[in-house]
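Asks: need a structure here:
(chains A, B, C and D)
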Number of protein chains: 2
Amino acid sequence: MNIKGIAKLAGVSKATVSRVLNDSPLVTEDTRKKILEIIKRVDYLPNYLARSLKIKETKTIGVIVPDIGNPFYFEVLRGIEKVLDKKDFNIMLCNSDYNDKKELRYIYLLSSKKVDGIIVAPCSEESKGIENLLTWNIPFVTFDIPQTKLNTNSILVDHSQCSYIATKYLIESGHKNIVITDVFRHTKTKSKFILGYLKALGEHNIPVKQEFIQEASPDIVGGYNIIKKLITEKISFTGVITICDLLAVGVYKAVNKFNLKIPDDISVIGNDDIPLAKYLNPPLTTIHQPKYLLGLKSAKLLLSQIQNKNHNDIKVIKLDARLIKRCSVKRRIKNAS
Amino acid sequence: MNIKGIAKLAGVSKATVSRVLNDSPLVTEDTRKKILEIIKRVDYLPNYLARSLKIKETKTIGVIVPDIGNPFYFEVLRGIEKVLDKKDFNIMLCNSDYNDKKELRYIYLLSSKKVDGIIVAPCSEESKGIENLLTWNIPFVTFDIPQTKLNTNSILVDHSQCSYIATKYLIESGHKNIVITDVFRHTKTKSKFILGYLKALGEHNIPVKQEFIQEASPDIVGGYNIIKKLITEKISFTGVITICDLLAVGVYKAVNKFNLKIPDDISVIGNDDIPLAKYLNPPLTTIHQPKYLLGLKSAKLLLSQIQNKNHNDIKVIKLDARLIKRCSVKRRIKNAS
DNA sequence: ATGAAAGCGCTAACAC
DNA sequence: GTGTTAGCGCTTTCAT
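Replies: The predicted model follows:
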């Protein structure tokens, strides 16, 4: 059943039916009632594809994240959903799998499906997809990963600041041999996360050891494997900083496996502060990321871009992260390594 | 830019452009190349709204879950995403918030947006939205919650079996005063989860106490509040079974708060086996739900429904849950309460 | 207040 | 192999 059918049944024109569907005041109460009654009776469902094609608005937003299985992104998603739902937007959710090609493909797909805007956590600092969005003039905002070459609407947390705080805390707690695990980057340049670590080390005149800088897949097994590798290679360290809490969970697992204790033998600091971090054994000391807020702000910024059509003024909002001290870091005697 | 514009630039008709866009063999290599070149040069993006309107297929699936913040659902979502992505479908994600009205609204919305099918975890056993899907003849599958009045395609785990296993294990470990926390149901009839508990109690001739049967919101604070209430009301119990692991985490928190110990003072069994359950302190004994599989099977079943148009043969697939014994249950001396 | 008609961007007969 | 044309189901201007 379509608008034409309803019109025929009601003995009016398509235009009139369309008007009642859109709550136009230009219809008498009588005809409105009659049409509404028929609509209900025949279970009529408007076709929003046709509508969207005409009015050039779909009321749907595309969201691209690297990994829907990571609690970090889920918390962000909750924030996004919260504001979008209130404004009657739907979310088209895409999982880029930390894969540039897949991200690009989704950007094409979402654009072709005519979403009103896109929120994306890019896989890399030079996302090809983002460039396309710019040339196609599609409203979008990025979060979490800043773009080095492009100036885009974005909600960010300074990753170098996060690792800097964590490293500094470990150093001040008497640690010198500190492992840091980043996520696989597939790039030659050092990530911001590593940069903050290096900065803290430098400020305390602690020499950098290459074998302490590791990359892993951002999940539990990734963390497990790194520690297993390090221990079997007899590389000695007393602290580890992970780029996400999931990785820290893997570290816990590996440390237990080798009959070591956290924090007595190994201290660990995570990053994210996922809901369950405080319930781990021992409770995880971590850098708290404002995940929900990240989502909330991203969605709000996007909505304002869509409404104002002010494609010119780029907004970059920086959010703060902070250290949450729990029980996975041990204070060591000075000069001990 | 649209297909007409490309046609003009290439000096051909819209039909020819459409043909190359759809990889039709009915185009000479020369014209194909010329058109492809122009498409690339002008950054042309096909409009899938128009396409979908015409061919009556959107390549998008709606997914409705009660709470995207619950690890249970996002594990399911991962399974769904896995199979849908492979078949080039997009996911429109909706959060019903355990709210019937919202669920119904989303079902209308998704249907109007002409998704090719819907996967839904209904909030209740008598979802009004599902009825609509049936009358509109839209392919769909439900999971997790069975519908009492309707026969629908679904992937299920027997909830009564889950609570039965958990209760039985607790009883056999010497517990008699066992609290069970269901989720708010807003219905008069007992849920399957409570039914399984009652059955196990009955089989062991343990009298039912109404104050042991509780309802909570399915999150950490929900679990916390229940235990707090019970303890301050001086109701004594030694075991608790929660309908989801998140609730169990809240129980842990409350038990600690009152300086009690798990499992020495209180034994707890969760339900779901979320990824972090084994890393809790102590590791949570829980009923493992095949979450990922639930998603995988749901998506596959939906896809087969969409392809075959066999709207007639309803498939119900039952998956098994199993008890994962970890460390949150203590064996008690017989006859102790 | 209502209707006629054009058009959103695409596909698919059908004709040549 | 390519073009013409008639829709898909809706909105919206312009008449009346």
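Asks: quick one, what contacts the closest residue to A:T58 other than its chain neighbours?
Replies: Once flanking residues are discounted, A:T58 sits nearest to A:S52: 4.5 Å by CB to CB, 6 or more residues apart in numbering or on different chains. Placement of C-beta: from N, CA and C, glycine included. Taking CB atoms under 8 Å, 6 or more residues apart in numbering or on different chains, we find A:S52 in contact with A:T58, A:K59, A:K114, B:L49.
Asks: one more: A:G117?
Replies: By CB under 8 Å, 6+ apart, A:G117 lies in contact with A:I61, A:G62, A:I138, A:P139, A:F140, A:V141, A:L302, A:L303, A:Q305, A:I306.
Asks: show me what it is bridged to.
Replies: Beta-bridge partners for A:G117, by DSSP bridges, are A:I61.
Asks: which residue ranges of the stretch 151-300 of chain A form strands?
Replies: With strands called from DSSP state E, counting those that start in this stretch, the stretch 151-300 of chain A shows them at A:154-157, A:178-183, A:213-216, A:239-242, A:267-272, A:285-288.
Asks: avg pLDDT for the third one?
Replies: Translated: strand A:213-216. Per-residue pLDDT values over strand A:213-216 give a mean of 96.
Asks: Provide the strand pairings for that strand, with the direction of each partner.
Replies: strand A:178-183 (parallel).
Asks: contact partners of the strand it pairs with?
Replies: Strand A:178-183 is contacted by residues A:98, A:163, A:167, A:170-171, A:191, A:193-194, A:197, A:201, A:212-218, A:222-223, A:226, A:230, A:237-244, A:247, A:251 when judged by CB under 8 Å, 6+ apart.
Asks: quick check, distance from that strand to the centre of its chain.
Replies: Remark: strand A:178-183 is offset 20 Å from the chain centroid, using CA atoms, centre = their mean, to the nearest Å.
Asks: the inter-axis angle of it versus strand A:267-272?
Replies: 30 degrees (axes from the mean of the first three to the mean of the last three CA atoms, to 10 degrees).
Asks: doesn't A:V141 belong to a strand?
Replies: Yes. Under DSSP: H, G, I helix; E, B strand; the rest coil, A:V141 falls within a strand.
Asks: next, count neighbours for it.
Replies: Per other CB atoms under 10 Å in any protein chain shown, the neighbour tally for A:V141 reads 25.
Asks: what do you get for A:D30?
Replies: A:D30: 8 surrounding residues under other CB under 10 Å.
Asks: got it, and A:G223?
Replies: For A:G223, the tally of surrounding residues (other CB under 10 Å) stands at 31.
Asks: out of the strands of the stretch 151-300 of chain A, deepest packed?
Replies: Most buried of the strands of the stretch 151-300 of chain A, by mean neighbour count (mean count of other CB atoms under 10 Å in any protein chain shown): strand A:239-242, with a mean of 30.
Asks: does any part of that one sit near chain B?
Replies: No. Using CB under 8 Å from any CB of the partner chain, strand A:239-242 stays clear of chain B, coming no nearer than 14.2 Å.
Asks: can you list the neighbours in contact with that strand?
Replies: Identification of contacts with strand A:239-242 by CB under 8 Å, 6+ apart yields A:163, A:166-167, A:170, A:173, A:175, A:177-181, A:197, A:223, A:227, A:248, A:251, A:266-271, A:329.
Asks: and stretch A:52-59, which residues are buried?
Replies: For stretch A:52-59, burial by neighbour count (16 or more other CB atoms under 10 Å in any protein chain shown) applies to A:S52, A:L53, A:T58, A:K59.
Asks: which stretches in the stretch 1-150 of chain A count as strands?
Replies: Here the stretch 1-150 of chain A has its strands, by DSSP E, counting those that start in this stretch, at A:60-65, A:90-95, A:117-120, A:140-143.
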